[in-house]
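**Student:** no sequence for this one, just the structure:
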């Protein structure tokens, strides 16, 4: 690589590295497979690293994909004036990708995405929900339970409650019975989650509506909420379970494709049927950008009711870039495939 050539470093934690570490820590193989599956974008993007390198080269950039366990040494040697670090996989509990932006900051390197404090916040649903509420954003209030004991009791709810792990990945449910009608069942789910994953559960009032994903990539530094891609995600179910996730992404998703059982959810632009809800979501995203500090690349999960009531479920600082929805967003918003969209975003930061 020529001296001082601008370089994009993509840091990622592989599924297998996470799986091996979890097994060594005493998790059964089945649980370790489920947990490490949340790093599927590392698996799904790896076959395209050469394509991404070529897209970078066409823009005068060098490219390096770096596994998380090698990141400390690589980033310590990087040229701080010519290096951009993009963290592909996050995590503070089961996963460790949240260390990458902190390492980049330690070494004075430029980064794509939010600062490292948000990498920690977004992976703790109870704490992030409290912050979102303090910012006046429409996130459901929540209780917190650990192994059949309330740490914080949830608010009353005539519609029942929704139970999800507090720190495991970013999904909104694990089992089909994650929506509950009584709090005794919620405590039983907290026992099951603790036994399987050693995690607490967030218990929120159930909110009706259709699932929505808002995706964002700031191809240029000044890009704002006008570039959000906001779509209903129709998968045939009220919410996604662990089994649903396993069938879509990573190694298990590849098995589903080979078996002919893989089926992508249907995406439908929210603005086509509920333009008022689309406008509300853009205002919410603007609040996340100005009040929380989201930038460059992120996604937001929401629920939208027929009367345009919007519920903010969670935000992600490391959206699933190789997933069907983000690829669709890059094509629709920027007219680019994923590799070219990533490379062009890096170019505008390194070679303005």
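**Tutor:** Looks like it came in fine. From a predicted model like this one, the values you see are computed outputs, not experimental measurements.
**Student:** just for the stretch 101-250 of the chain, where's the confidence low?
**Tutor:** For the stretch 101-250 of the chain, residues meeting the criterion pLDDT under 70 lie at 169-172, 236-250.
**Student:** repeat the analysis, applying 80 as the threshold.
**Tutor:** For the stretch 101-250 of the chain, applying pLDDT under 80 flags the ranges 169-173, 235-250.
**Student:** what about the strands in it?
**Tutor:** 110-112, 143-146, 149-152, 161-165, 179-180, 201-205, 210-217, 229-234 (DSSP state E, counting those that start in this stretch).
**Student:** contacts only, for residue 225.
**Tutor:** Residue 225 makes contacts with 216, 282, 283, 285, 286, 289, as judged by Cβ atoms under 8 Å, 6 or more residues apart in numbering. Backbone N, C-alpha and C define where each C-beta goes, glycine included.
**Student:** what sits closest to it if chain neighbours are left out?
**Tutor:** Among residues not flanking residue 225 along the chain, residue 282 sits closest, at 4.5 Å (Cβ to Cβ, 6 or more residues apart in numbering).
**Student:** model confidence for the one you found, exactly?
**Tutor:** According to the prediction, residue 282 has pLDDT 98.
**Student:** separation between it and residue 153?
**Tutor:** According to Cβ to Cβ, to the nearest Å, residue 282 stands 34 Å off from residue 153.
**Student:** what count of nearby residues applies to the nearest residue to residue 126 once chain neighbours are set aside?
**Tutor:** For residue 126, ignoring the flanking residues on the chain, the nearest one in space by Cβ to Cβ, 6+ apart is residue 144 at 4.9 Å. Residues lying near residue 144 (other Cβ atoms under 10 Å) number 20.
**Student:** so what touches stretch 98-109?
**Tutor:** With contact meaning Cβ under 8 Å, 6+ apart, stretch 98-109 is reached by 11, 68, 71-72, 75-76, 78, 80, 83-85, 87, 90-92, 110-111, 113-116, 119-120, 123.
**Student:** over to stretch 316-325?
**Tutor:** Contacts for stretch 316-325 (Cβ under 8 Å, 6+ apart): 40-41, 44-45, 48, 87-90, 97, 113-114, 118-119, 122, 170, 213, 215, 231, 233, 248-249, 264-265, 267, 294, 297-301, 326, 338, 342.
**Student:** returning to what we had before: what's the ChimeraX syntax to select whichever of the contacts of stretch 98-109 are buried?
**Tutor:** Applied in ChimeraX, the following selects the buried portion of the contacts of stretch 98-109 according to 16 or more other Cβ atoms under 10 Å:
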select :11,68,71,75,78,83,84,85,87,90,91,92,110,111,113,114,116,119,120,123
